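In: Got a predicted structure plus its sequence, pasted below:
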Amino acid sequence: MRQADAATDDKIDLFLVEADYALKYVDTEFTMPVKDLGITDADLADQYQYTKDIVTDSNGVLKGVSWQGCPGVMFYSREVAKDVFGTDEPAEIQEHVKDWDTFNETAKTLKDKGYYVASSANDTYRVYSNNVTSKWVEDGKINIDDNIMKWVEDSKALVDAGEIGTHDLWSDDWSRGFYPDGKVFAYFGPAWLVNFSMAADKEGSIGNLGGWAATEGPQGFFWGGTWICAATGTDNASLVKDIMLQMTTNVDIMKDIVVKDDDFVNNKTAMNEMAADPSYSSKILGGQNPLGMYCAGVESLDLSNLSIYDQGCNEEFQNAMKNYFDGNTDLDGALDLFYKSVVEKYPELTY
């Protein structure tokens, strides 16, 4: 906010934003249109459309670029799969989780063998919330989409049956399933989750042993990602442009990111080539090449229902529903807590 008066060497040139709060920044004057840097539509033609939608402001102006694509899949334990289903082949496991009704039936089978279908009800939340048909806020009023309420109904049944937990994401209890003793069948997430956040570097973890595999799961979704935005008033516009183009459009650099980091990148050509490359595989996924699965998932993403209220509404909804899942309140009480928490965060809203 002090950019205009800052000394040349103190001016901010670029900054990074995450998906959940991207619109908060791109819908302001503080972010430069990428076209003002000299970056054209042709330069970005190979990028996935959803990565552009997230950082397009309310006037249809693109305000950032990303090197990363974050389509999500279901990661499952190969050992659990073999113990319960007699196979760990992704195509066969997909048949057991192909939609939510089938997933919920499979949870019963897993429980009978001593396993949780997933660590927490919060693991499935983003899959449901990425498949809504309406926005969190419609004409200034808080709106709960039917698919969000389906998550509540399905999750409550799973929790009550002892087939899933209610742990907060990133908590110690949630993370126990990264190890065999945690008795967790699946987690949901993009490449960064299994590669950077599920203890793959820790001896004895499922990831370290190459014991995870990936399949599509009940619905396509995405989670997170990092976008580069140029700060309005930068005195290094040409350098910012070069960083953006090298990081997000240079196929060689992007392939290098995939090989070195096991990540999924925002370039259709690079990803399609590597999805078909028999020499590429993920050690964490037991030698599987999951890139084709990610490619299919990313093309199906529809982000037309994003809003600037998503971060706050998603957080408060999960917090409120945990009280319901844990039996501390009924559904009406949890919904009341949610509405009051959101209005406290966003006083301009009604319900």
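Out: Looks like it arrived, so ask away.
In: contacts, neighbours, all on C-alpha from now
Out: Will do.
In: so Asn305 touches Val132, yeah?
Out: Yes. In this structure Asn305 lies within contact range of Val132 using CA atoms under 8 Å: 7.3 Å.
In: For the two, indicate the residue with more neighbours.
Out: It is Val132, of Asn305 and Val132, that has more neighbours when counted by other CA atoms under 10 Å, with 19 against 14.
In: quick one: contacts for the more buried one?
Out: Contact analysis of Val132 by CA atoms under 8 Å, 6 or more residues apart in numbering lists Asp145, Asp146, Asn147, Ile148, Asn305.
In: pLDDT wise, what is the first one at?
Out: Per-residue confidence at Asp145 stands at 97 (pLDDT).
In: just to revisit the earlier point, from the contacts of Val132, which would you call buried?
Out: Asp145, Asn147, Ile148 (16 or more other CA atoms under 10 Å).
In: mind checking which helix or strand the last one is in?
Out: When elements are assigned from DSSP states H and E, Ile148 belongs to helix 146-160.
In: how far out from the middle of the chain is the helix or strand following that helix?
Out: Downstream of helix 146-160, the first helix or strand assigned by DSSP H and E is strand 164-165. Once both centres are worked out by CA atoms, centre = their mean, to the nearest Å, strand 164-165 turns out to sit 20 Å from its chain's centre.
In: Against which helices or strands is strand 164-165 packed?
Out: Other elements packing on strand 164-165 under the criterion 3 or more CA pairs under 8 Å, 6 or more residues apart in numbering; DSSP states H and E are strand 116-120, helix 146-160.
In: quick one: contacts of it?
Out: Tyr116, Val117, Ala118, Ser119, Ser120, Ala121, Ser155, Leu158, Val159.
In: returning to that earlier point: for the contacts of Val132, which one is nearest Leu169?
Out: The closest of these to Leu169 turns out to be Ile148 (CA to CA; 17.9 Å).
In: ok, now which ones touch that closest one?
Out: Counting by CA under 8 Å, 6+ apart, Ile148 touches Tyr125, Tyr128, Ser129, Val132.
In: Would you point out which residue is most central in the chain?
Out: Per CA atoms, centre = their mean, the C-alpha nearest to the average position across the chain is that of Trp223, at 0.8 Å.
In: Pull up the gap between Gly60 and Met32, please.
Out: 13 Å (CA to CA, to the nearest Å).
In: who does the helix or strand of the chain with the lowest mean pLDDT touch, helix- and strand-wise?
Out: Ranked by mean pLDDT, DSSP states H and E, the weakest helix or strand in the chain is helix 291-299, scoring a mean of 88. Identification of packing neighbours for helix 291-299 by 3+ CA pairs under 8 Å, 6+ apart yields strand 71-77, strand 221-222, helix 268-275.
In: thinking again about what came up before, counting neighbours, which of the contacts of strand 164-165 comes out on top?
Out: Ser119 (29 neighbours).
In: Does that one touch Phe188 like I think?
Out: No. Proximity of Ser119 to Phe188 does not meet the contact threshold set by CA under 8 Å, at 9.9 Å.
In: hmm, back to that, please name whichever of the helices and strands packed on helix 291-299 is nearest to Lys183.
Out: Comparing the helices and strands packed on helix 291-299 by CA to CA, strand 71-77 comes nearest, at 9.2 Å.
In: Give me the distance between the helix or strand that that closest one is followed by and the centre of its chain.
Out: Past strand 71-77, further along toward the C-terminus, the next helix or strand under DSSP H and E is helix 78-85. Centre-to-centre, helix 78-85 and its host chain are 26 Å apart (CA atoms, centre = their mean).
In: Contacts made by the helix or strand following helix 78-85 with the rest, please.
Out: Later in the chain than helix 78-85, the nearest helix or strand by DSSP H and E is helix 90-94. Where contact means CA under 8 Å, 6+ apart, the residues beyond helix 90-94 that reach it are Ala81, Phe85, Thr87, Ala213, Ala214, Thr215, Glu216, Gly217.
In: out of those, which is most surrounded?
Out: Neighbour tally across the contacts of helix 90-94 (other CA under 10 Å): the maximum, 33 neighbours, falls on Ala214.
In: quick one: secondary structure of it?
Out: Classification of Ala214 by DSSP: H, G, I helix; E, B strand; the rest coil places it in strand.
In: for the residue nearest to it when sequence neighbours are not counted, which residues make a bridge with it?
Out: In this structure, Ala214 finds its nearest non-sequential neighbour in Phe75, 4.5 Å apart by CA to CA, 6 or more residues apart in numbering. Note on Phe75: beta-bridge partners by DSSP bridges are Tyr187, Ala214.
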